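Novice: Return a 3D structure for these sequence lines:
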Amino acid sequence: MTFALLLTALVIILIGAETFTNALEHLGERLKISEGVTGSIFAAVGTALPETMVPVVAILTSAGTQQVREEVGVGAIIGAPLMLSTLTMFLMAAFAAHRRGWADHFHPERAGLRRDLSWFLLAFGVSTAAIFIPHHVTSMRALLAIALVLIYFIYLMLTVRASARLVSDGHGTEADNPLFLARLLGRFGLRENMPVILAQLPEKVNSILWIRRRRDTLAFGNITGAMVFQGSLLPAIGIMLTPWEPRPEVLAGMILTLLASGYLLAMLRRGGLRPYHLIVNGLCYAAYLITVAI
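Specialist: Predicted structure coming up:
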């Protein structure tokens, strides 16, 4: 029974991811925005919001002791960007390699990917520094939390501002297929419009679907945009509402996240990314599992 439920859930996730990627392509095409904006903002925030609620609910709920709630909240805040920058990157590369080979080149829009990674490293670096500030120094912690929120909104403005130039350079979002719901229910009078586009569901596996179709900008933007979102706004909540202390597992997660993300940016600046480069990101996740298990 448990296996059947798990299998059913996986099928639902895949169907949701397929419909979400299809809807996002139509949304970006209708709004005349670049693939970078579609992936880094709309896809990233859409897929990050459900898991973003985990630490918020854990910290604010009345269930369990305060210490347990804070530990769950901090774990979820650190775990999200850690998994995105390590395991998710590796899985995306593995699925790409299955179809394209480990030595094939990824071709994301480079300026956008560099922007995502650079702003994430800035935000998560500030978050990491904040764990060394004592909890009773509330004014400094408040300033850092405000700075993290500002970092994200500055990142949003820069990303949106770059969209018009990218569209004119041929990086506008284009849908590969008709909108699924409109095609399925068109005989009943349902037409492609904004409400129908917004009705189709999100999930992080859409990066895998996009990378297999060589939509590299959307695939990477979906992950790195979520990293900026979850590496700035969520730590701001953690800094203000939890002790945000340098416990060994927290510090290990932060260091490995920064290492994996910095490595990606360095490889991108060296000349490009190939699927085998992201094996290092998978090893970073394995290193974290070993660290917390010891």
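
Novice: next helix or strand past the one helix or strand in the chain whose mean pLDDT sits lowest?
Specialist: When each helix and strand of the chain is scored by mean pLDDT, DSSP states H and E, helix 194-199 comes last, with a mean of 39. Proceeding N to C from helix 194-199, the next assigned helix or strand is helix 206-212, under DSSP states H and E.

Novice: Okay, buried residues for the helix or strand just after that following helix please.
Specialist: Where DSSP H and E defines the elements, the next helix or strand beyond helix 206-212 is helix 216-241. Going by neighbour count (16 or more other CB atoms under 10 Å), the buried part of helix 216-241 is 216-241. Heads up, the C-betas are built off the backbone N, CA and C, glycines and all.

Novice: angle of the helix or strand following helix 216-241 against helix 216-241?
Specialist: Going down the chain from helix 216-241, the next helix or strand is helix 248-270, by DSSP H and E. With axes from the mean of the first three to the mean of the last three CA atoms, to 10 degrees as the basis, helix 248-270 and helix 216-241 are set at 150 degrees to each other.

Novice: Give the rounded mean pLDDT of the helix or strand that comes right after helix 248-270.
Specialist: Where DSSP H and E defines the elements, the next helix or strand beyond helix 248-270 is helix 279-293. Mean pLDDT, computed over helix 279-293, is 94.

Novice: Stretch 265-272 too?
Specialist: Stretch 265-272 comes out at a mean pLDDT of 92.

Novice: Just the terminal-to-terminal distance for stretch 55-73.
Specialist: 4 Å (CA to CA, to the nearest Å).

Novice: and if you look at stretch 91-108?
Specialist: 17 Å.

Novice: now what about it, what contacts it?
Specialist: 207-208, 211-212, 214, 216-217, 219-221, 223, 272-279, 281-282 (CB atoms under 8 Å, 6 or more residues apart in numbering).

Novice: In it, which residues are buried?
Specialist: 91, 92, 93, 94, 95, 96, 97, 100, 106, 108.

Novice: Let me see the ranges of the helices in the stretch 1-150 of the chain.
Specialist: 2-31, 35-37, 44-60, 66-83, 89-100, 110-130, 138-166 (DSSP state H, counting those that start in this stretch).

Novice: Show me the shaky parts of the protein.
Specialist: Counting by pLDDT under 70, the chain shows low-confidence ranges at 1-3, 6, 9-33, 35-40, 42-44, 46-47, 62-64, 164-205.
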